[in-house]
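*Asks:* okay, sequence plus prediction incoming.
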Amino acid sequence: MIRRLDLRGSTVDARTVLPRSALDVEAALQQVRPIVDDVAARGEAAVLDWSERLDGVRPPQLRVPAAAISAAVDGLDPALYDALTEAIRRVRLVSEDQRRTETTTTVVAGGTVTERWLPVSRVGLYVPGGRAVYPSSVIMNVVPAQIAGVGSLAVASPPQRDYGGLPHPTILAACGLLGIDEVYAVGGAQAVAMFAYGVELGDGPACEPVAMVTGPGNIWVTAAKRLLKGRIGIDSEAGPTEIVILADDSARPDFVAADLISQAEHDVVAASILVTDSVELADAVAAELAVQVPATKHAERIATALAGPQSGIVLVDDLAAGLAVVDAYAAEHLEVHTRDARQVALQVRNAGAIFVGPWSPVSLGDYAAGSNHVLPTGGCACHSSGLSVQTFLRGIHVVDYDVAALRDIAATVITLAQAEDLPGHGAAVSVRLTDRPDGAR
């Protein structure tokens, strides 16, 4: 069901042999470019046409009526209502502590640099709607943007044939609980293009262009984000989900197997990897998978993901070697099931999020740990972070020097400008400090 990779005694670079799901975004670019160009040229009509062609349903209108959002909230099962509100509370609690504060540094008397943190003006939040329904992605996108102070938020999620061309009602309910009333029944590349260019709507206010698009999606959404990056800011290029579990012989094999399955059920190209120095644990986990997988609702999808080249059990010599492997892989989700798990986790350098010990499964972070589940994939955790309040903020330096402070540093600026053969830079300083014939300065 799951392949085994033995790195014991090997000096090979783990990055060259570890399984990883292939995602050919460059190839997808050529297929989404006509969609993006068409939306830029024809606006609403193009969005509707591509929705009908790709999603199999033509929404009656792009913007979801406020009444549909209210009805979705009213129709929530009480248990789901409570679950969503508690998840919102926890994510908001963590996000509140991510606020940045303005700082002013006095470099010299009369010379200061202030760093201000300002939110982007408008954000388009993408919520996928393929094999599963993701109200949790609404929460993970909206809450940090609201805490950051973004003034205008719009959500897009694919239209559903079963719901009359509207997004899934649970998506709409999550938007309603968060106070989001600008929601569009649009998915895929056409949604990203609509946010980037803006679209005039025949039946109401326009969808205005956004400064940034965030949120996970399929390869077509990822390709559109790459194509339009620069016109819009993006959070990341999301690929297939990944879980890596670093475990020793103290780990419970039933827990490990269940957690590998939890991410494999997302997609047939999802990556589920166990890294361990224990052959006994590897054998026990493989045996647990053989029992647990057939009992799951999505057994076929999970089995395909676990058997794929992107998944596997990796054997290493010891825990230190295991740490080197997980750092090289830079997983979206990393679980640590070892003795002294927190101390081991603190040694990890590269991961989107780290889940410590047997009682912190990735599923907890997917929904209600308070952390954010929009995380870097494809090895990008070695240089990028998950979605947070910081994603929606820009640091702007405000430089304020008086004449004495400028005169004090003028020679340094002029010397550096001359070294770079940019005399105009130096002149822009010296002209301020040189007496003019008319007596002015």
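*Replies:* Structure's in. What do you need?

*Asks:* looks to me like G239 is in a helix.
*Replies:* No - when DSSP: H, G, I helix; E, B strand; the rest coil is applied, G239 is found to be coil, with no helix at that position.

*Asks:* show me what counts as buried in stretch 333-352.
*Replies:* Neighbour-count burial for stretch 333-352, with 16 or more other CB atoms under 10 Å as criterion, is recorded at 333-338, 341, 344-345, 348, 350-352. Just so you know, the C-beta spots here come from the backbone N, C-alpha and C atoms, and that holds for glycine as well.

*Asks:* pick out the most distant pair among those residues.
*Replies:* Distance extremes for those: the farthest pair is T338 and G352 at 19.3 Å, using CB to CB.

*Asks:* where's stretch 340-357 relative to the chain centroid, distance-wise?
*Replies:* Here the centre of stretch 340-357 is set off from its chain's centre by 20 Å, with CA atoms, centre = their mean, to the nearest Å.

*Asks:* C-alpha coordinates for the worst-scoring helix or strand of the chain on mean pLDDT, CSV please?
*Replies:* Ranked by mean pLDDT, DSSP states H and E, the weakest helix or strand in the chain is helix 14-17, scoring a mean of 78. What follows is helix 14-17 as a C-alpha-only set of coordinates in CSV (Å, rounded to 0.1, in the frame of the first residue of the first chain):
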residue,chain,number,x,y,z
ALA,A,14,17.9,13.5,0.9
ARG,A,15,16.5,16.2,-1.4
THR,A,16,17.3,14.2,-4.5
VAL,A,17,15.6,11.0,-3.4
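
*Asks:* who touches it?
*Replies:* Outside helix 14-17, the residues within contact range by CB atoms under 8 Å, 6 or more residues apart in numbering are 5, 7, 324-325, 328-329.

*Asks:* cutoff 7 Å now
*Replies:* Here helix 14-17 makes contact (CB atoms under 7 Å, 6 or more residues apart in numbering) with 5, 7, 324-325, 328.

*Asks:* now that we have these, which of them are buried?
*Replies:* Neighbour-count burial (16+ other CB under 10 Å) is assigned, among the contacts of helix 14-17, to 5, 7, 325, 328.

*Asks:* looking at these, which are in helices?
*Replies:* Counting by DSSP state H, these place 325, 328 in helices.

*Asks:* can I get the buried ones among the contacts of helix 14-17 in TSV with distance to T415?
*Replies:* Shown next, in TSV, are the buried ones among the contacts of helix 14-17 (distance: CB to CB, whole Å):
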residue	distance to T415
L5	57
L7	54
V325	49
A328	44
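
*Asks:* closest one to T304 out of the buried ones among the contacts of helix 14-17, please.
*Replies:* Minimum distance to T304 across those is 18.7 Å, recorded for L5 (CB to CB).

*Asks:* for that closest one, give me its contacts.
*Replies:* 17, 312, 314.

*Asks:* all strands for the stretch 51-200 of the chain, in order.
*Replies:* Under the criterion DSSP state E, counting those that start in this stretch, the stretch 51-200 of the chain contains strands at 103-108, 111-119, 122-126, 152-157, 183-185.

*Asks:* who are the packing partners of the shortest one?
*Replies:* In this case it means strand 183-185. In this structure, strand 183-185 makes packing contacts with strand 152-157, judged by 3 or more CB pairs under 7 Å, 6 or more residues apart in numbering; DSSP states H and E.

*Asks:* what sits up against the strand it packs on?
*Replies:* Outside strand 152-157, the residues within contact range by CB under 7 Å, 6+ apart are 121-127, 129, 138, 142, 145, 167, 171, 175, 180, 182-184, 186-187, 191, 195, 207, 210.

*Asks:* from those residues, which ones fall inside helices?
*Replies:* The members of those that map onto helices under DSSP H are 138, 142, 145, 171, 175, 191, 195.

*Asks:* my guess is the last one meets A211, correct?
*Replies:* No - the pair F195 and A211 fails to qualify as a contact (CB atoms under 7 Å) at a distance of 9.6 Å.

*Asks:* what do these two both touch?
*Replies:* Between them, F195 and A211 share these contacting residues under CB under 7 Å, 6+ apart: I232.

*Asks:* ok, those two, which is more surrounded?
*Replies:* Higher neighbour count among F195 and A211: F195, with 31 against 19, using other CB atoms under 10 Å.

*Asks:* residue contacts, that one?
*Replies:* Residues counted as contacts of F195 (CB under 7 Å, 6+ apart) are 124, 156, 210, 213, 232.

*Asks:* try it again with 8 Å
*Replies:* Applying CB under 8 Å, 6+ apart as the definition, the contact partners of F195 turn out to be 124, 154, 156, 207, 209-210, 213, 232.
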